[in-house]
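Chemist: The sequence and its predicted three-dimensional model are supplied below.
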Amino acid sequence: MTSTSQSTALITGAGRGLGLALARSLLSSGWRVVVDARRTAHLETALPGASVVPGDVTDPAHRDALAAAVGGLGRLDLLVNNASDLGPSPLPRLADTPLAAARRVYETNVLAPLALTQALLPLLRDSHGTVLNISSDAAVEAYEGWGTYGSSKAALDQLTAVLAAEEPGLAAYAVDPGDMRTEMHQAAFPGEDISDRPEPEAVVPALLRLIATRPPAGRVRAADLAGASS
Ligand SMILES: NC(=O)c1ccc[n+]([C@@H]2O[C@H](COP(=O)([O-])OP(=O)(O)OC[C@H]3O[C@@H](n4cnc5c(N)ncnc54)[C@H](OP(=O)(O)O)[C@@H]3O)[C@@H](O)[C@H]2O)c1
């Protein structure tokens with residue numbers, strides 16, 4: 001079924017981890033979901049019913065393809081900028097960070113979300129939609145080795161805050177999901193046992209609550225939403 005009255009989301013980086021968990025949850029609630037990732041062959045079975053657009057968010061032609069897929073559905077209620085680049089693993093100190101790697105992190109974590117937001121603003125304005133930019137505690141804490149990734153997430157937080165000021169009809173949030181047992185987290189802690197970290201599925205209820213309740217825009221921690229009554 002396709003209908004312009006059906007709630008519609010675009011989630012970047014939904015091949016695994018948090019993006020996949022959120023996409024699954026929204027699909028099961030009747031949303032139409034457009035997703036991307038660079039590796040998507042498994043998504044036909046992992047995410048039945050989703051519109052899958054394979055590609056890299058740093059590629060302008062791929063972003064055009066995402067915007068076209070969403071445009072073809074006629075509405076957008078939710079944009080989730082979730083795809084992210086951690087940088088080299090193990091995480092290098094700033095003194096040793098290759099600038100090419102830093103550039104790649106900023107292209108993925110800052111410029112791609114900005115570009116997608118720009119491309120999709122008309123549809124988001126029409127629906128008084130929600131933008132979730134997935135951030136990190138590394139945006140506000142000075143962890144050694146996390147300088148490039150953390151500063152990219154700090155920039156994403158500030159883009160989100162200014163977007164909220166400029167577009168009061170939207171609900172815009174920078175969301176710190178907290179630690180999750182994912183490939184990115186394992187890359188950040190190579191060789192460590194991360195089995196005590198929660199699965200990304202555990203964060204999804206907090207994101208759904210945020211989307212449903214639309215509190216004042218800003219930076220939010222999923223952990224602070226988890227216990228809130230909806
Ligand atoms: N895991 C944590 O503990 C943690 C903590 C704080 C914040 N976060 C944030 O939470 C979000 C989700 O992280 P996660 O742990 O779920 O990550 P993840 O398991 O590594 O999954 C990331 C997803 O994004 C896709 N992706 C990566 N780069 C992409 C690109 N350039 N273009 C398109 N797709 C791309 C990946 O697929 P391909 O590689 O196939 O493209 C994958 O599907 C990220 O924004 C991350 O910064 C995570």
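Modeler: Ah, there it is. Residues are numbered from 1 along each chain as shown.

Chemist: where in the chain is pLDDT low?
Modeler: For the chain, the stretches flagged by pLDDT under 70 are 1-3, 227-230.

Chemist: what do you get if the cut-off is 80, keeping everything else the same?
Modeler: 1-4, 226-230 (pLDDT under 80).

Chemist: all strands of it, in order?
Modeler: With DSSP state E as the definition, the chain shows strands at residue ranges 8-11, 32-37, 51-54, 78-81, 130-134, 171-176, 218-221.

Chemist: Mean neighbour count and distance to D157 for these - can I get that in TSV?
Modeler: Every residue, glycine included, has its C-beta placed from N, CA and C. Putting the strands of the chain into TSV (neighbours: other CB atoms under 10 Å; distance: least, CB to CB, whole Å) gives the following:
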stretch	mean neighbour count	distance to D157
strand 8-11	27	19
strand 32-37	26	23
strand 51-54	18	26
strand 78-81	27	12
strand 130-134	25	8
strand 171-176	24	4
strand 218-221	16	5
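
Chemist: Dump those strands into CSV; add distance to the ligand as well.
Modeler: Below are the strands of the chain laid out as CSV (distance: least, CB to the nearest ligand atom, whole Å):
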stretch, distance to the ligand
strand 8-11, 10
strand 32-37, 4
strand 51-54, 9
strand 78-81, 8
strand 130-134, 4
strand 171-176, 6
strand 218-221, 10
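
Chemist: Please dump these into a markdown table; it should also carry distance to L94 for every row.
Modeler: Listed next are these as a markdown table, based on distance: least, CB to CB, whole Å:
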| stretch | distance to L94 |
| --- | --- |
| strand 8-11 | 31 |
| strand 32-37 | 29 |
| strand 51-54 | 33 |
| strand 78-81 | 25 |
| strand 130-134 | 23 |
| strand 171-176 | 22 |
| strand 218-221 | 23 |
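
Chemist: who touches stretch 205-221?
Modeler: Applying CB atoms under 8 Å, 6 or more residues apart in numbering, the set of residues contacting stretch 205-221 from outside is 22, 25, 78, 130, 132, 135, 137, 139, 157, 160-161, 164, 170-178, 222-223, 225-226, 228, 230.
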